[in-house]
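Q: Model the following, please.
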Amino acid sequence: MRKLLVVIITVLLLSVAVSCSKQNDALPEMLEVELSVKPVTGKVNQPISFEAKVSQGKEMVNDAESVIFEIWRAKDEKHEKIEIKQAKNGIYRLEKSFPQEGTYYIISHVTARDMHNMPKKEFVVGTPSEPEDPKAKDSMENMDMDDHHEDDHTHEGH
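A: Down below sits the predicted model:
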């Protein structure tokens, strides 16, 4: 009787494991967001075009729950957030001009199909201003951990 019970429990556990692995095979593809800025170096009071191209696998996503462009000038605490309501062929677009020269940043916060993606880009209006420290807490890219390796080899002993 005990052997039969062990066999039944083993079969049940194996069937649960197989059904779980089949569910994992059907995971949805990742949400991809391709953020572009044109031109990357713009002029004061001239429009700059921002586009977030949203896709999942080969499918363009026109039904995102939320697409918000967050834009700010380097080292400025005030960040402007602009929600984009509609897309055409998976492209959420904003055109905006800037009255002040400097280095700026944009993050596109995209939430769609239970996923979130937020790429960041730097762009310049007129003359660049001092950029933000790439190691700052709100910077998500440009992190270079090899900064001080150059100096490590300049003072070698003889």
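
Q: Report the mean per-residue pLDDT for stretch 55-66.
A: In this model, stretch 55-66 carries a mean pLDDT of 96.

Q: which of the residues in it are buried?
A: 55, 56, 61, 64 (16 or more other Cβ atoms under 10 Å). Quick note: C-beta positions are derived from backbone N, CA and C, even for glycine.

Q: The last one against residue 112, yeah?
A: Which is residue 64. Yes - applying Cβ atoms under 8 Å, one finds residue 64 in contact with residue 112, separated by 3.8 Å.

Q: which neighbours do these two share?
A: Contact with both residue 64 and residue 112 is made by residues residue 54, according to Cβ atoms under 8 Å, 6 or more residues apart in numbering.

Q: partners of residue 80 in the sheet?
A: For residue 80, the beta-bridge partners under DSSP bridges are residue 71.

Q: for residue 102, same thing?
A: residue 125.

Q: Give the burial count for it, as a bare number.
A: 19 (other Cβ atoms under 10 Å).

Q: Could I get the contacting residues of it?
A: Taking Cβ under 8 Å, 6+ apart, one finds 73, 74, 124, 125, 126, 127, 128, 129 in contact with residue 102.
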